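Asks: What follows is a predicted structure for the sequence shown.
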Amino acid sequence: KAGVTQTPRYLIKTRGQQVTLSCSPISGHRSVSWYQQTPGQGLQFLFEYFSETQRNKGNFPGRFSGRQFSNSRSEMNVSTLELGDSALYLCASRSSVSRGEQFFGPGTRLTVL
Amino acid sequence: DQQVKQNSPSLSVQEGRISILNCDYTNSMFDYFLWYKKYPAEGPTFLISISSIKDKNEDGRFTVFLNKSAKHLSLHIVPSQPGDSAVYFCAASRTGGATNKLIFGTGTLLAVQP
């Protein structure tokens, strides 16, 4: 099976702009989660989607949003970018029958100037 | 509030010796624990997991031990190899509900010296 794919891999934006990141989960996985990794905060949970519904949301401002499509692909959007949004954004997918193992994509490196 | 803690930011070990990475948690509701390995510019790779009903799980060179009373888990790598050099994250979750979000520790950088 192909793994989790994320596009784009690298992105440079300026403050105030918005950005959309894309994730395609492992075939058959219906749960998709997003995480933000920064040097100071480590890996922080953003949100989880299952069957097009958001099931959980982390402690991030409303500028961070996401959605999931009927084919389980997911997008996350960050509006009004701030310098502190510079991070590695990771997408992970999970099988419905797994106890908790999530499988991560390579991430999108976002740099905000 | 850091619910999952990895107090050692780095660890250096000689090739062939044992690597022991430690992780502590505070939330007694966590019932599933995982270890991930991460190279720079890549996503974390799942290594091994353990349910709270067990105290040990083994997979090849990797063994995870769970001490629920101490809220402590550890990952043992035997024998350590230079290719094991990476950042290791422990993670915890509460299963059985509608969501399985992972709470990660801050990671330990393992360097295996040839």
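Replies: Okay, I see it.

Asks: burial count for the residue in chain B positioned nearest to chain A?
Replies: Nearest residue of chain B to chain A (C-beta to the nearest C-beta) works out as B:Gly43 at 3.4 Å. Any C-beta I mention is one placed from the backbone N, CA and C, and that applies to glycine too. Residues lying near B:Gly43 (other C-beta atoms under 10 Å in any protein chain shown) number 21.

Asks: Chain B against chain A: which residues are in contact?
Replies: B:32, B:34, B:36, B:41-46, B:49, B:51, B:89, B:91, B:93, B:95, B:98-107 (C-beta under 8 Å from any C-beta of the partner chain).

Asks: The residues you listed in strands, which ones?
Replies: Counting by DSSP state E, the residues of chain B next to chain A place B:Tyr32, B:Leu34, B:Tyr36, B:Thr45, B:Phe46, B:Ser49, B:Ser51, B:Phe89, B:Ala91, B:Ser93, B:Ile103, B:Phe104 in strands.

Asks: In JSON lines: the residues you listed, plus pLDDT and neighbour count.
Replies: Below are these laid out as JSON lines (pLDDT from 0 to 100; neighbours: other C-beta atoms under 10 Å in any protein chain shown):
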{"residue": "B:Tyr32", "pLDDT": "93", "neighbour count": "21"}
{"residue": "B:Leu34", "pLDDT": "96", "neighbour count": "23"}
{"residue": "B:Tyr36", "pLDDT": "97", "neighbour count": "27"}
{"residue": "B:Thr45", "pLDDT": "95", "neighbour count": "14"}
{"residue": "B:Phe46", "pLDDT": "94", "neighbour count": "16"}
{"residue": "B:Ser49", "pLDDT": "95", "neighbour count": "20"}
{"residue": "B:Ser51", "pLDDT": "93", "neighbour count": "13"}
{"residue": "B:Phe89", "pLDDT": "96", "neighbour count": "25"}
{"residue": "B:Ala91", "pLDDT": "95", "neighbour count": "26"}
{"residue": "B:Ser93", "pLDDT": "91", "neighbour count": "24"}
{"residue": "B:Ile103", "pLDDT": "93", "neighbour count": "20"}
{"residue": "B:Phe104", "pLDDT": "94", "neighbour count": "24"}
